[in-house]
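*Asks:* mind looking at a prediction? Sequence and model below.
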Amino acid sequence: MNAQISLIQQVDAFLPQTQCGLCGHRDGCLPYAKSIVEGEAANKCVPGGQPVADAIAQLLDRPSLQAEQSVWPIQSDGRPQRMKAVIREDECIGCTKCISACPVDAIIGSGKLMHTVLTDLCTGCELCIAPCPVDCIDLVEDLNPIPSEAFRIQEQNDLRNRYYAHIQREEQRRITRKGPIVRAEIDTELFAQFSAQSNSVPTVEVVHKAPELAVKLDAKSTIELAKIRTQIKKLEKQLSVREDQTKRQQLVELNQQLISLQGC
Ligand code: SF4
Ligand code: SF4
Ligand code: SF4
């Protein structure tokens, strides 16, 4: 088992860590690396192009296959043109959907405020484009020189770390999330298993909701919340007829209880 994990990590080390899902693995490079070791063809990484397909075939002593084609032209290093996302900031409505979609946390901004892409971190994976409700994100050519091999490895390691940190944050939010999930839920278990085997990536832990807490919250939501709402309505009615400091204070406290229970 450890030998297989080590082999998956070696394959993963060749993959660009764009986490784009174009290989058919929506959760990114690690699940594709695992699937390659289990027998899937090694030529499906679109941003990696022919150099990555060849390197993995050589590692696994398999025949080299022609790499899946990219829509972008091929650079002199044999890989597809690197791209970057750019937000047309004057059109951005600050909905934050792109932040959650970005696997490497390359977008900054907060609710109702303009968002911007940290260009140095953007891999051009395109995952932020579809969720944008006003279609204000463009992809442009990365005009930087083609990176050296050493720079590429460093960049891949950094992107892998950022992705693990992103997964852990999304996992923590999963339990309490109220809004829609922009990106399909990630298979956190797999990343947790690999992070436990490596000191070079941030730890990923699966967050479980305690079953007894779920039962308790369910009871609260069906009985206590209803009770508090009835009391609030009653007090509001009484206060609309005649002001009373004690009742006003009770109303404030009940509203606080309601918010706190709903926030669980
Ligand atoms: S970079 Fe390659 S291996 Fe990673 S998710 Fe994209 S296509 Fe798959
Ligand atoms: S900003 Fe968009 S294109 Fe760039 S890495 Fe994030 S999701 Fe991908
Ligand atoms: S998804 Fe589009 S509109 Fe929403 S914050 Fe991002 S760039 Fe702005």
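*Replies:* Ah, there it is. Ligands and ions are numbered 1, 2, ... in the order given.
*Asks:* poorly predicted segments of the stretch 1-150 of the chain, please.
*Replies:* For the stretch 1-150 of the chain, the stretches with pLDDT under 70 are 1.
*Asks:* would you mind listing what in it touches ligand 1?
*Replies:* With CB under 6 Å from any ligand atom as the criterion, the stretch 1-150 of the chain meets ligand 1 at residues 15-16, 18-23, 25, 28-29, 32, 45-48. C-beta: built from backbone N, CA, C; applies to glycine.
*Asks:* which among these count as buried?
*Replies:* 15-16, 18-23, 25, 28-29, 32, 45-48 (16 or more other CB atoms under 10 Å).
*Asks:* helices - which of those residues land there?
*Replies:* 29, 32 (DSSP state H).
*Asks:* okay, and which of the residues of the stretch 1-150 of the chain next to ligand 1 map to strands?
*Replies:* With DSSP state E as the criterion, strands contain none of those.
*Asks:* okay, which residue is most central for the chain?
*Replies:* P103 (4.4 Å; CA atoms, centre = their mean).
*Asks:* in what helix or strand does that one lie?
*Replies:* Remark: P103 resides in no helix or strand, with elements defined by DSSP states H and E.
*Asks:* setting the sequence-adjacent residues aside, check what's closest to it.
*Replies:* With sequence-adjacent residues excluded and distances taken as CB to CB, 6 or more residues apart in numbering, P103 is closest to Q19, at 3.9 Å.
*Asks:* touching, the one you found and D105? I think so.
*Replies:* No. Using CB atoms under 8 Å, Q19 is not in contact with D105, being 11.1 Å away.
*Asks:* what segments of the chain are strands?
*Replies:* 83-87, 107-108, 116-117, 137-141.
*Asks:* off-centre distance for the second one?
*Replies:* Using CA atoms, centre = their mean, to the nearest Å, the distance from the centre of strand 107-108 to the centre of the chain it belongs to is 13 Å.
*Asks:* begin at 386, not 1, for the rest of this chat.
*Replies:* Happy to do that; since the first residue is 386 now, the last one works out to strand 492-493.
*Asks:* which among the buried ones among the residues of the stretch 386-535 of the chain next to ligand 1 gets closest to Q630?
*Replies:* Q404 (57.2 Å; CB to CB).
*Asks:* OK, contacts around the closest one?
*Replies:* 413-414, 488-489, 508, 510, 512, 544, 548 (CB atoms under 8 Å, 6 or more residues apart in numbering).
*Asks:* gap between it and I531?
*Replies:* Going from Q404 to I531 by CB to CB, to the nearest Å gives 21 Å.
*Asks:* what is V525 paired to in the beta sheet?
*Replies:* Taking DSSP bridges as the rule, V525 bridges to K469.
*Asks:* which residues touch stretch 525-535?
*Replies:* Here stretch 525-535 makes contact (CB under 8 Å, 6+ apart) with 460-462, 466-471, 509, 540.
*Asks:* perfect, that will be all.
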